[in-house]
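Visitor: Compute the structure for the input listed below.
(3 chains)
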Amino acid sequence: MTAPGQVRTAPEPAGEDEAEAPRTPPGPPPRRVGWQKLTVLPAVLVAVLLATWLWFEQADLDALSRNALSGGQVSKALWQHIQLTAISTFFVLIIAIPLGILLTRPAFRRATPVAMAFANMGQATPAIGLLALLVIWLGIGRRAALIGIIVYAVLPVLSNTITGLKANDPTLLEAARGIGMSPVGVLTRVELPLAVPLILAGVRTALVLNVGTATLAVFGGGGGLGVLITTGITNQRMPVLVLGSVLTVVLALLVDWLASLAEVLLRPRGLQP
Amino acid sequence: MPETDGHGASIELENLTKRYPGGARPAVENVSMEIKAGEVVVLVGPSGCGKSTTLKMINRLIEPTGGRIRMGGEDVTDIDPVGLRRKVGYAIQSAGLFPHMTVAQNIALVPRMIGWPRARIRARTEELLDLVGLDPGEFHGRYPRQLSGGQQQRVGVARALAADPPVLLMDEPFGAVDPITREHLQDELIRLQHELRKTIVFVTHDFDEAIKIGDRIAVLRERSHIAQFDTPEAILTNPADDFVSGFVGAGAALKRLNLTRVRDVEITDYPTVTIDDPLQQIFNRLRAAGTNEVLLLDRRGRPYKWLRRGDLMRARGSLARAGTLVHDTVTRDATLRDALEAVLTDNIGRVAVTGRRGEYTGVVDMETLLNSVHDMLEADRLDALEHQQELEELRAAQTNAEQEGGGSVTGVGGFGGTR
Amino acid sequence: MNFWEYLAGRHQQLLTDAYQHASAVFQCMAVATVLGVLIGVATYRSEWAGNLATTATATVLTVPALALIGLLIPVVGLGVAPTVIALTLYGLLPVVRNAIVGLRGVDPSLVDAATGIGMSRPARLLRIELPLAWPPILTGIRVATQMLMGIAAIAAYASGPGLGNVIFRGLASLGSANALNQVLAGTLGIIVLALLFDAAYVLVGRLTIPRGIRA
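Guide: Residues are numbered from 1 along each chain as shown, chains lettered A, B, ... in the order given. Okay, the predicted model is just below:
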């Protein structure tokens, strides 16, 4: 599997093979969000945007570059990119998280290893190949791109959810059952609240992954900031390439930053690290 | 550093101090202690008293901020700590075996680092495994996690002894094993020390462990201040102050039983028969013995059953059914407490003493035990009184000396000044 | 022409591409491993430096591959150079993070024991800490390798080597008879390579992780 961003919260492929499992499963690094983290990244991003803008002011653009950047093309690409990310993330979450909950219920527990194996197989599939196959199958356009992005992100978020729900302390669940909660009660009042951090991590994974995969939407005619990058590369126009790349990077880092804030702010009090 | 001739080296600590930056008071303050070569000194005290810190300063795992350390007369305070540690064995709680190395590799680490030839290392590893009571053939290639806690601890001791260091530091080495295994390991250590005569500094918070294995015990209070540094007997019978007596705890007389070994009391002979003797001979023996029972030994000479006069009759002459099984025996190295325990469990009024391979060597009976304990306590009391008297005399002498000497010191100074 | 006929006809070219793909990923991964372990070793003992290293490499990973390559092209040009740099950078994080987590996870009492029996600092690192941290590091290398397989495909757009070229050739000739064959060959080729690498890592794990610490 390709797109960057995934690794931060994606499950380690440990577990899939007993000889490989590390003694201390490396989890995500501890996050302590101080005020530095709140301010440093936005400041850096603003500085980067400002520098790019200043560079553009003095750069002399030829016709081709001007053409590629004119008429609101840049804002259109940016907007398309945000839309692709938001829509795909929405679908990833409503598919992967309920599926993850379902697969950890006793009735479906035997399907869990199958799903995990499937998810791990998916790791090996290159995003661009998946997208290209969908384009050939569904025809060029935004639909194929969106489906590609979604399929690509569902598996890691799904395996994240399963891992997290399984990691819930079994004694807690036993205690919940012991005081007479129904299975639904155990799920809604104990398991899900405990799994909130995990679901938030899933949101972040999906967002970051999708921002990345959305750059590839251009190869399926789905638009997005990838348009600027590919135009820049094919036409050898560095200003277009740099603008597209910088905007993509800024967007990706911003989305990740927002998601990390959400992770901290929405986490239940008692589960603060 | 002293020569590594295998036997112990003396250790002197002089005003050893550890002060952590930011700490209001030092963690260890002015510890001075002389440990004789070949002696087992136990540092015992409540948790947080700095006993571990003191120990770790001896091999400079913690660098002292003040004071000197001498080993075998040589000042090691400023020599290369890595070299120092290779000549000082170190065993810690839960053994600290490296999980990615086999038992043999763990033991061979230090000899390899100091460049022993391969063949010598191999021979030494086997020898050490044998020494700590593990079968080399069986345990050589095992990984630590395939061992029980007690076995790991034995390997830990073997590793500490690998390069035959004159000094062995042990930091609560038996703290993480179950009580029964701990007793065994303590017995083993005592046996080992009998052969090896290392200088051992042993840290524990368990006072019973301290009296069991220490030649001398240093009871430490906070900041490693020495409350009392003396033999276990002296500490038990004559604690220096309330802190020490509080630490000794109740039942000092019972603990005293831990200090004497079976070999120190009278082991008497007892009428025995073996399982292969003809029945008639056993009957004769029973009649002639003048005791109520005889001890039945198995084919290898190990105590098997106590036979009473009527037992054989009731069992219609079957040795398999007659008599009561021997549950518990003690070795000559066992403490009197173990012996008393055995006497009480078997309800026979005596316990059989066995040799190295479990063969019968004699018995110790209840009366002997009671008398020895009584004599011991009496002797201790006399010792204590004498000790106290000596102390008082010494103090009196000191006061006298100070009163008289006070003038003479100034006198000398004055004399020097006028020169 | 069906898929098998396509494979039969183009196997020479495909094998070359597959070899270049694997070779690029392998070499970049080797560099990333060495760099990553060095960074881990240099930073794990400081809370601050370790977290900085993790955050910095994590940030690199947040950047979409196409954008990073796009930023590298004006500096180093098209072709192998941006591919190698991007792959190495992306390969760093899992190794750095797992190296730091692994090294920090070594039981302090073992380090204490190692010091106590007279091991010098380098000996401790080489004989105790790194071997004990090796299983998580190897896991990091596996994760990173799988990821690089896909990124290398994207790098083909910047004239990088490998099976990505086959996929992009297919994309460029959408509608033609061979488009599906090309995309399928490229994609499946990458999956097969990824699985082969994974199997190789399992083997490496069996050979290099002592039995005493295997899970």
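Visitor: switch to C-alpha atoms for all contacts and neighbour counts from now on
Guide: Fine.
Visitor: What part of chain C, helix or strand, is modelled with the least confidence?
Guide: Least confident helix or strand of chain C, by mean pLDDT, DSSP states H and E, is helix C:47-62 with a mean of 87.
Visitor: Where do the helices of chain C begin and end?
Guide: C:3-43, C:47-62, C:65-76, C:80-104, C:108-116, C:121-123, C:130-155, C:164-172, C:178-208 (DSSP state H).
Visitor: domain ranges for chain B?
Guide: B:11-250, B:264-369 (automatic domain parsing).
Visitor: wait, which of those domains is closest to chain A?
Guide: Closest approach to chain A among these is made by domain B:11-250 (11.3 Å; C-alpha to the nearest C-alpha).
Visitor: And the average pLDDT for the closest one is what?
Guide: The predicted model gives domain B:11-250 an average pLDDT of 88.
Visitor: Likewise for stretch B:315-328?
Guide: pLDDT averaged over stretch B:315-328 gives 77.
Visitor: buried residues in it?
Guide: Buried residues in stretch B:315-328, counted by 16 or more other C-alpha atoms under 10 Å in any protein chain shown: B:319, B:322-324, B:326, B:328.
Visitor: List the contacts of it.
Guide: Under the contact criterion C-alpha atoms under 8 Å, 6 or more residues apart in numbering or on different chains, stretch B:315-328 has outside partners B:275, B:279, B:303-308, B:311-312, B:314, B:342, B:345-346, B:351-352.
Visitor: Packing partners of the least confident helix or strand of chain C?
Guide: On a contact count with 3 or more C-alpha pairs under 8 Å, 6 or more residues apart in numbering or on different chains; DSSP states H and E, helix C:47-62 meets helix A:238-266, helix C:3-43, helix C:80-104.
Visitor: Distance from the chain centre to that helix, please.
Guide: Distance of helix C:47-62 from its chain centroid, counting by C-alpha atoms, centre = their mean, to the nearest Å, is 17 Å.
Visitor: Alpha carbons of it, in CSV - could you do that?
Guide: What follows is helix C:47-62, C-alpha atoms only, in CSV (Å, rounded to 0.1, in the frame of the first residue of the first chain):
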residue,chain,number,x,y,z
GLU,C,47,12.8,12.3,25.3
TRP,C,48,13.0,15.6,23.4
ALA,C,49,15.3,14.5,20.5
GLY,C,50,13.5,11.2,20.1
ASN,C,51,10.1,12.8,19.8
LEU,C,52,11.5,15.4,17.4
ALA,C,53,12.9,12.7,15.2
THR,C,54,9.6,10.8,15.2
THR,C,55,7.6,14.0,14.5
ALA,C,56,9.9,15.1,11.7
THR,C,57,9.8,11.8,9.9
ALA,C,58,6.1,11.5,10.5
THR,C,59,5.6,14.9,8.9
VAL,C,60,7.5,13.7,5.8
LEU,C,61,5.1,10.8,5.6
THR,C,62,2.0,13.1,5.8
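Visitor: between that helix and helix C:3-43, how many degrees?
Guide: 160 degrees (axes from the mean of the first three to the mean of the last three C-alpha atoms, to 10 degrees).
Visitor: Could you check helix C:47-62 and say which residues are buried?
Guide: Those would be C:50-51, C:53-55, C:57-62, for helix C:47-62 by 16+ other C-alpha under 10 Å.
Visitor: So which residues on chain B come close to chain A?
Guide: Residues of chain B found near chain A (C-alpha under 8 Å from any C-alpha of the partner chain): none.
Visitor: Which single residue of the stretch 151-273 of chain A approaches chain B most closely?
Guide: Closest residue of the stretch 151-273 of chain A to chain B, C-alpha to the nearest C-alpha: A:A167 (25.0 Å).
Visitor: Now do the same contact list for that residue.
Guide: Counting by C-alpha under 8 Å, 6+ apart, there are no residues that A:A167 touches.
Visitor: I'd like to know how many residues surround residue 96.
Guide: Defaulting to chain A. Number of residues near A:A96 (other C-alpha atoms under 10 Å in any protein chain shown) recorded here: 26.
Visitor: I was thinking of chain C, sorry if that wasn't clear
Guide: C:V96, neighbours per other C-alpha under 10 Å, totals 31.
Visitor: and if you look at A:Q83?
Guide: A:Q83: 16 neighbours (other C-alpha under 10 Å).
Visitor: Repeat that for B:Q93.
Guide: For B:Q93, using other C-alpha under 10 Å, the count is 17.
Visitor: on that earlier part again, any of the contacts of stretch B:315-328 buried? List them.
Guide: B:275, B:303-308, B:311-312, B:342, B:346, B:351-352.
Visitor: Just give me the closest of those to chain C.
Guide: The closest of the buried ones among the contacts of stretch B:315-328, once distances to chain C are taken by C-alpha to the nearest C-alpha, is B:A342, at 38.5 Å.
Visitor: Am I right that that closest one is in contact with B:V351?
Guide: Yes. Contact criterion C-alpha atoms under 8 Å: B:A342 and B:V351 qualify, at 6.2 Å.
Visitor: Mutual contacts of these two, please.
Guide: Joint contacts of B:A342 and B:V351 (C-alpha under 8 Å, 6+ apart) are B:328-330.
Visitor: Reformat these as JSON lines; add secondary structure.
Guide: Listed next are the shared contacts of B:A342 and B:V351 as JSON lines, based on DSSP: H, G, I helix; E, B strand; the rest coil:
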{"residue": "B:D328", "secondary structure": "coil"}
{"residue": "B:T329", "secondary structure": "strand"}
{"residue": "B:V330", "secondary structure": "strand"}
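Visitor: Secondary structure element holding the residue nearest the centre of chain A?
Guide: The residue lying closest to the centre of chain A (C-alpha atoms, centre = their mean) is A:A206, at 2.4 Å. Per DSSP states H and E: A:A206 is located in helix A:192-214.
Visitor: C-terminal to that helix, what's the next element?
Guide: Next along from helix A:192-214, by DSSP H and E: helix A:226-234.
Visitor: packing partners for that following helix?
Guide: helix A:73-103, helix A:238-266, helix C:65-76.
Visitor: Give me the mean pLDDT for the second one.
Guide: In other words, helix A:238-266. On average, the pLDDT along helix A:238-266 is 87.
Visitor: Quick one: distance of it to the chain centre.
Guide: Average the C-alpha atoms of helix A:238-266, do the same for its chain, and the two points are 12 Å apart (C-alpha atoms, centre = their mean).
Visitor: Comparing the domains of chain B, which stretch has the densest surroundings?
Guide: Ranked by mean neighbour count under mean count of other C-alpha atoms under 10 Å in any protein chain shown, those are led by domain B:11-250, which reaches a mean of 20.
Visitor: Double-check B:D380 against B:T237; I have them as touching.
Guide: Yes. Contact criterion C-alpha under 8 Å: B:D380 and B:T237 qualify, at 6.4 Å.
Visitor: what sits in contact with each of these two?
Guide: Joint contacts of B:D380 and B:T237 (C-alpha under 8 Å, 6+ apart) do not exist.
Visitor: What strand or helix carries A:I128?
Guide: Per DSSP H and E: helix A:127-138 holds A:I128.
Visitor: relative to helix A:192-214, how tilted is that helix?
Guide: 80 degrees.
Visitor: Identify the residues contacting helix A:127-138?
Guide: For helix A:127-138, the surrounding residues in contact (C-alpha under 8 Å, 6+ apart) are A:1-3, A:141, A:144-145, A:147-149, A:152, A:213, A:216-217, A:219-220, C:150, C:153-154, C:167, C:171, C:174-175, C:179-180, C:183-184, C:186-187.
Visitor: Now the element after it, going C-ward?
Guide: helix A:142-167.
Visitor: Would you mind writing the CA trace of stretch A:162-181 as CSV?
Guide: Extracted in CSV, the C-alpha atoms of stretch A:162-181 (Å, rounded to 0.1, in the frame of the first residue of the first chain):
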residue,chain,number,x,y,z
ILE,A,162,-10.7,-4.2,14.8
THR,A,163,-7.3,-4.0,16.5
GLY,A,164,-8.6,-1.2,18.9
LEU,A,165,-11.8,-2.9,19.8
LYS,A,166,-10.0,-6.1,20.5
ALA,A,167,-7.5,-4.3,22.7
ASN,A,168,-10.3,-3.3,25.0
ASP,A,169,-9.5,-4.7,28.4
PRO,A,170,-11.5,-7.9,28.6
THR,A,171,-11.9,-7.6,32.4
LEU,A,172,-13.8,-4.3,31.8
LEU,A,173,-16.2,-6.0,29.4
GLU,A,174,-16.6,-8.8,31.8
ALA,A,175,-17.3,-6.4,34.6
ALA,A,176,-19.9,-4.6,32.3
ARG,A,177,-21.6,-7.9,31.6
GLY,A,178,-21.3,-8.9,35.3
ILE,A,179,-23.3,-5.9,36.4
GLY,A,180,-26.1,-6.9,34.1
MET,A,181,-25.6,-4.9,30.9
